Each structure stands twice: as structure tokens, then as C-alpha cells.
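A.B. asks: When you get a sec, could you give me coordinates for this:
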Amino acid sequence: MNPLKIFSTKLQEDEVTLKQIKQDRNTIYGARAIKQHLGWRARETKDYDAYSNNPRRSAKKLKNKLSRMSQSNVYYTQPAQYPSTQRVKRRSDINRDVVVADFTQTKPRQITTINGINYVLLNEIVKDKRKALSCKKHAYRHTKDKADLQRINAHKKAKKHKFLKKIF
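C.D. replies: Presented below is the predicted three-dimensional model:
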């Protein structure tokens, strides 16, 4: 196990993950999609959420790529909370393991393609956030979802304003 290779791979995780999502024609949703639409207004996130036709295969493929790059078995896959979701994680010595990406199988959504990568449309994200806020089962997400909706609404208002329209 080469610590320098592991560190180098950790620095390239985002790039490798995006490249694989693009190659497999998966669709990014969640905080990364919001960040793509809103830019600097979006909240920070560390992991990728992607819709995939075959989540288990996509997760295993990403894990294998990252493991080959790091020349170790630091990366692994596991099922997530929901049955059709597979998660790629990196083992960490300091605290709990870090989630690199979640691959979920779900119904098709309206998408837009930016730089060859599919992202869920902002209107679809708003629908999902409102639905989650109305459900008591997802109470653990309500703080994040409210904050995301506020950011999206602020972005939409700024785009409508004559002066601010030039900035965006």
C-alpha cells in the first residue's frame, strides 16, 4: 500500500468520478446538479449522486478504477439505505469512511447536458425537494432541502432582476 498513490488518487476522485459518469451516460442529481445550475450560490458537497441503469455495475466500475489508481483496496462498494442504491466509499483512518458517489436506479427525469454530462433540470430538483419536505419520513433532510430551495429561489429572483441579469 503506497500512501502517495492513495493521496494522489484522493485528489483525482472528482475527476475520475465525473469521467465515468460521462462515459456511462449517467445523470447527476442532488447537490452537484444544483451546484452546476447555481454556481457559487449552491452549498458545498463532497459526494456525487447519479442515476444509473445498473447502479451495482456503475459502483463496482468506479471502485475498481479508483482502487487500480491507488494500488490498494481503500475503496469499496456497499448498498445504501434505499434498496436500489449502491455507494462507493473510501476508507479513512481519521473518522468514518468517506462517501465518493451514490448510484441509484430510478425513473427517467428531464435532463440537460452540460459539457457532455447529464444533469437533472432545476425544476425537477425543486419538485423533489418540495416532495421531501412534505414527507415526515425524510425529516432528517428538511434543513438541507429548505436551504437548497431558498438558494434556488434567490437564484431565480436574481435572474429576473434587470441589473443582476447582466451578471448571470
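A.B. asks: ok, the residue nearest the centre of the chain to Lys156 distance?
C.D. replies: Nearest residue to the geometric centre of the chain (C-alpha atoms, centre = their mean): Tyr48, 2.4 Å. Counting by C-beta to C-beta, to the nearest Å, the gap from Tyr48 to Lys156 is 25 Å. Placement of C-beta: from N, CA and C, glycine included.
A.B. asks: List the contacts of Asn53.
C.D. replies: Residues in contact with Asn53 (C-beta atoms under 8 Å, 6 or more residues apart in numbering) are Gln105.
A.B. asks: mind checking the SS state of Lys46?
C.D. replies: coil (DSSP: H, G, I helix; E, B strand; the rest coil).
A.B. asks: and it, how many neighbours?
C.D. replies: Look at Lys46: counted by other C-beta atoms under 10 Å, it has 11 neighbours.
A.B. asks: That one and Asp102 touch, don't they?
C.D. replies: No. Using C-beta atoms under 8 Å, Lys46 makes no contact with Asp102, being 11.6 Å away.
A.B. asks: Need the overlap of contacts for the two.
C.D. replies: The contact sets of Lys46 and Asp102 do not overlap (C-beta under 8 Å, 6+ apart).
A.B. asks: what stretches of this structure score poorly on pLDDT?
C.D. replies: Scanning the chain for pLDDT under 70 picks out the ranges 1-8, 162-168.
A.B. asks: All the helices of it, residue numbers only.
C.D. replies: For the chain, the helices defined by DSSP state H cover 3-23, 31-38, 55-70, 122-134, 142-160, 162-165.
A.B. asks: got TSV for these, with distance to Asp93 too?
C.D. replies: Below are the helices of the chain laid out as TSV (distance: least, C-beta to C-beta, whole Å):
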stretch	distance to Asp93
helix 3-23	10
helix 31-38	26
helix 55-70	14
helix 122-134	34
helix 142-160	27
helix 162-165	45
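A.B. asks: What are the buried residues along stretch 73-89?
C.D. replies: For stretch 73-89, a neighbour-count test (16 or more other C-beta atoms under 10 Å) marks 74-77, 80, 85-89 as buried.
A.B. asks: still on that earlier bit, in JSON lines, list the helices of the chain along with mean neighbour count.
C.D. replies: Shown next, in JSON lines, are the helices of the chain (neighbours: other C-beta atoms under 10 Å):
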{"stretch": "helix 3-23", "mean neighbour count": "15"}
{"stretch": "helix 31-38", "mean neighbour count": "21"}
{"stretch": "helix 55-70", "mean neighbour count": "19"}
{"stretch": "helix 122-134", "mean neighbour count": "15"}
{"stretch": "helix 142-160", "mean neighbour count": "14"}
{"stretch": "helix 162-165", "mean neighbour count": "8"}
